[in-house]
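Novice: 3D, please:
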Amino acid sequence: MTNPLSLLSPLLTLAGLVGSFFYIQLSQWLRDLLALRQKIELNRFAGDEAQKRAIVECRIEYRRLATWHTYAVNLSVIGFVLFILVLGLLMIRPAATDPMYDYMATALWVFLVLFVGLASGLFWLGHRKATEIGAILEPRQPPGA
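Specialist: This next block holds a predicted model:
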């Protein structure tokens, strides 16, 4: 029978590659939102034509960054990496007597905790910033106004 620890390497490689790529994408999303927020602050009061044009550009950029597609992709990738990591933890359980088991399990748990912490933190910050930008660019009108 094949040792489950030997099968873990491809899973960790997959989780690491997808997780790293996703972390870069999620970080870039947050940076784009922060830059957009700064641009809005600089042009918010739209005194001249250039500022009015900049606010229109900000609205277009906001709609690109805060679509349901962005959220769906982000949540899907988070779910996929979590699935791979949990699958890896379940796969190595039969090898609990192997001397390397504790090291592999610890590495998986640490990666899982770090990934969940960083990904959920960036996702939450991005969502919060997108909501803040949306409130500035497209304020809600009270009913009957």
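Novice: buried stuff in the longest helix anywhere in the chain?
Specialist: Assignment by DSSP state H gives helix 4-43 as the longest helix of the chain. By 16 or more other C-beta atoms under 10 Å, the buried positions in helix 4-43 come out as 4-5, 8, 11-12, 15, 19, 22-23, 26, 29-30, 33, 36-37, 39-40, 43. Quick note: C-beta positions are derived from backbone N, CA and C, even for glycine.
Novice: who are the packing partners of it?
Specialist: Other elements packing on helix 4-43 under the criterion 3 or more C-beta pairs under 8 Å, 6 or more residues apart in numbering; DSSP states H and E are helix 49-65, helix 68-92, helix 101-137.
Novice: what helices or strands is the last one leaning on?
Specialist: Using 3+ C-beta pairs under 8 Å, 6+ apart as the contact criterion, the neighbours of helix 101-137 among helices and strands are helix 4-43, helix 49-65, helix 68-92.
Novice: could you tell me the angle between the first one and helix 101-137?
Specialist: Read it as helix 4-43. Following axes from the mean of the first three to the mean of the last three C-alpha atoms, to 10 degrees, one obtains 20 degrees for the angle between helix 4-43 and helix 101-137.
Novice: kind regards, and thank you for your time.
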